[in-house]
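Student: here is a sequence together with a model predicted from it:
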Amino acid sequence: MATAGAAANLPEDTIGAEIVDRETIDRALPYGAVHQGLALLTSNLASQTIEDIARHADSQKRTVVVVLDQVTDPQNIGATLRSAAAFGAYAVIVPDRNTPDATGAMAKAASGALETVPLVRPNNLVRALETLKSHGFWVVGLDMDAPVSLPNADLPDRCVLAFGAEGRGLRRLTRETCDLMVRVPMTSQIESLNVSASAAVSLYEWGRAAELSSD
């Protein structure tokens, strides 16, 4: 559905829109949702499992996925999805509990990445990590106090980059499942990066390591 003004700006080959007033769209969307006079009813995104990730890795030379351990800000998750798409991560994994649903705010922050990067939600995050490890993945945890700097780390070809919530960091059991802990090197002028920025830096470094090894 669309307001008359919004429908006039749609491309000519767009599916036909039902013309309604703005109040009708407001009632159809969740309270407080921001829109520009357009609303589209779609089917749910296709879901993937941890086993799907393992099967994908079996067909690839290198695979990296991102884990967000109880990150509760949908915009941070969306921005991480965007970074994952930009730097070639296959999927983003979040625990099903204590993680927000894929709402409009998350989709907006993802800038299209929610439709291209699988958001996998296992019931038990540690068990999911153990499954990936049994398929040759190494789990690399990010922590500002880790002894190894990210550029000095030997990042594996099958890599899980695990990030905790801001402030709390990785939970104990998640941390204990990690094979390596690293930190993003920063100046003393800032204490930490938000999780989406840390993910972007880490994914870039994983890709850069591959380029250096192939030279």
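Tutor: Happy to help now that I have it.

Student: let me know the helix or strand that the residue nearest the centre of the chain is in.
Tutor: Nearest to the mean C-alpha position of the chain, by CA atoms, centre = their mean, lies residue 81 at 3.3 Å. According to DSSP states H and E, residue 81 maps onto helix 74-87.

Student: give the rounded mean pLDDT of that helix.
Tutor: For helix 74-87, the mean pLDDT works out to 95.

Student: next one: stretch 16-30
Tutor: Rounded mean pLDDT across stretch 16-30 is 89.

Student: for the chain, which segments count as helices?
Tutor: Using DSSP state H, the helices found in the chain span residues 4-8, 22-28, 50-58, 74-87, 104-110, 125-134, 172-177, 195-214.

Student: output the contacting helices and strands for the fifth one.
Tutor: Counting contacts by 3 or more CB pairs under 8 Å, 6 or more residues apart in numbering; DSSP states H and E, the secondary-structure elements packed against helix 104-110 are helix 74-87. Using the backbone N, CA and C atoms, a C-beta is placed for each residue, glycine as well.

Student: give me the angle between the helix it packs on and helix 195-214.
Tutor: Orientation of helix 74-87 against helix 195-214 (axes from the mean of the first three to the mean of the last three CA atoms, to 10 degrees) gives an angle of 20 degrees.

Student: how about helix 74-87: buried residues?
Tutor: Of the residues in helix 74-87, 74-85, 87 count as buried by neighbour count, 16 or more other CB atoms under 10 Å.

Student: can you list the helices of the chain in JSON lines and add distance to residue 15?
Tutor: JSON lines is the format used below for those (distance: least, CB to CB, whole Å):
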{"stretch": "helix 4-8", "distance to residue 15": "11"}
{"stretch": "helix 22-28", "distance to residue 15": "16"}
{"stretch": "helix 50-58", "distance to residue 15": "30"}
{"stretch": "helix 74-87", "distance to residue 15": "25"}
{"stretch": "helix 104-110", "distance to residue 15": "19"}
{"stretch": "helix 125-134", "distance to residue 15": "38"}
{"stretch": "helix 172-177", "distance to residue 15": "43"}
{"stretch": "helix 195-214", "distance to residue 15": "33"}
